[in-house]
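Q: Structure, please.
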Amino acid sequence: MLEQREGRRESVTHTTMGMICLKQTHSISCPSTAPILVVVSFVGRQSPPSVRLSAMAALLLLGCILIGYALPTAIFFAMMMRKAQLVIVMLASAFVWLMAMTVTSLLWSAIPPLHDSKAGWAIVPIGVVLQEIARGLFIRFYFRCERSFSVVSINAIVFPLVDFWSGLAAGVGYGATQSLVYYGPMMAHAMGPGTLYMPHCSAMSALVSAAANAALFNALHVPLMVLGFDAYRLMSPLRIGVVAVLHAAAACLTILNNADDGCIISLPLIGLVVLITWLYAVFITHRAEYRSSKARRVHQA
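A: The predicted model follows:
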């Protein structure tokens, strides 16, 4: 039996399960399959419910942040923080992604049929195309700056630009910006007294789903950018196409989230695409003709 109270933000208590979940009268529902979030005990002296809820919300937010942004944070502090040139590459790639998303948003606003929920999925491949165009323009611009930057002898020694490391930095910028824009606002709601559920994904919290998607796309863009640097360095249409297809596959799989419990299907499939992308990146970067490998051999010689 559900007991509902009036108010802008109230709690709904399931008396048989000891479950408390957030209920907003106009947007958020509390499914019967939701896990037990808070079990209220009246034995002994307890802290106020608001204190327990705030602590649980803080733990949920911390968990979501660790899931979603552990990879880019680890790469940044372990490999990029002390290398100014890589930080600049990361920030530049983040700006380029924002420009691509701005154009995508303008197209969505200018084309009314895309506002329809049945045709709205078409904006996903459009966004992928624009992001891949932006990726190509960014990498080509990087190559031009690299030639000018490396002319100064001290720069080539103190601030070396290597495709592999620059690709990692650019991938962190691309992926972290996308995950922050797409999923950051959702995870910000984790500080409320409970958790949130989407109508089409009752199997897991919307916050956990957002964190998982953020983690997957962060893990996707890092190898994609490394592969992109190699593809545009060789100007290989085949390798450029592989990067675009892998990105499109992962992005289009998110459309499954609109189906009932589609998140259960989409997340493992996106994970599979990420795994394939990493394996392909490892294969490419370990080949003898890979540019960074040749540069390392010349330096050792």
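
Q: shaky segments in the stretch 51-200 of the chain?
A: Within the stretch 51-200 of the chain, the segments meeting pLDDT under 70 span 51-54, 117, 119, 150-159, 187-194.

Q: if you set the cut-off to 50 instead, what comes out?
A: Along the stretch 51-200 of the chain, segments meeting pLDDT under 50 span 51-53.

Q: Near Phe283, how many other residues are there?
A: As a burial measure, Phe283 scores 11 neighbours (other Cβ atoms under 10 Å). In short, each C-beta sits where N, CA and C put it, glycine included.

Q: quick check: domain ranges of the protein?
A: 1-46, 50-300 (automatic domain parsing).

Q: so how far does stretch 199-210 reach from one end to the other?
A: Stretch 199-210 has an end-to-end distance of 14 Å (Cα to Cα, to the nearest Å).

Q: For that stretch, what is the distance to the chain centroid?
A: 16 Å (Cα atoms, centre = their mean, to the nearest Å).

Q: in that stretch, what's buried?
A: 201-210 (16 or more other Cβ atoms under 10 Å).

Q: among the domains of the chain, which is the most enclosed?
A: Stretch with highest mean neighbour count among these: domain 50-300 (a mean of 17; mean count of other Cβ atoms under 10 Å).

Q: Next, give me the two most distant ones among the buried residues of stretch 199-210.
A: Farthest apart among the buried residues of stretch 199-210 by Cβ to Cβ are Ser202 and Ala210. That separation is 15.2 Å.

Q: Figure out the helix or strand that Ala215 lives in.
A: helix 206-234 (DSSP states H and E).

Q: And the next helix or strand past that helix?
A: helix 237-253.

Q: Can you list the neighbours in contact with that following helix?
A: 124-125, 127-129, 131-132, 135-136, 216-217, 220, 224, 227-228, 230-232, 266, 269-270, 273-274, 276-277, 280, 284 (Cβ atoms under 8 Å, 6 or more residues apart in numbering).

Q: now stretch 75-86
A: Stretch 75-86 is contacted by residues 87, 90, 159-161, 165-166, 168-169, 172, 222 when judged by Cβ under 8 Å, 6+ apart.

Q: Can you give me the end-to-end span of that stretch?
A: Termini of stretch 75-86 sit 11 Å apart (Cα to Cα).

Q: State the distance from Leu234 to Phe164.
A: 14 Å (Cβ to Cβ, to the nearest Å).

Q: So what's the gap between stretch 104-113 and the chain middle?
A: The answer for stretch 104-113 is 23 Å, by Cα atoms, centre = their mean.

Q: With stretch 160-180 instead?
A: How far stretch 160-180 lies from its chain's middle: 13 Å, per Cα atoms, centre = their mean.

Q: Farthest-apart pair in the contacts of stretch 75-86, please.
A: Applying Cβ to Cβ across the contacts of stretch 75-86, the maximum distance is between Phe159 and Val222, 21.4 Å.

Q: So which of the contacts of stretch 75-86 are in helices?
A: 87, 90, 165-166, 168-169, 172, 222 (DSSP state H).

Q: Kindly reformat those residues as TSV containing distance to Met101.
A: Shown next, in TSV, are the ones in helices among the contacts of stretch 75-86 (distance: Cβ to Cβ, whole Å):
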residue	distance to Met101
Val87	21
Met90	17
Trp165	25
Ser166	22
Leu168	22
Ala169	19
Val172	17
Val222	18
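
Q: just curious, which of these is nearest to Asp261?
A: The closest of these, once distances to Asp261 are taken by Cβ to Cβ, is Val222, at 29.2 Å.

Q: How about the contacts made by that closest one?
A: 71-72, 75, 167-168, 171-172, 175.
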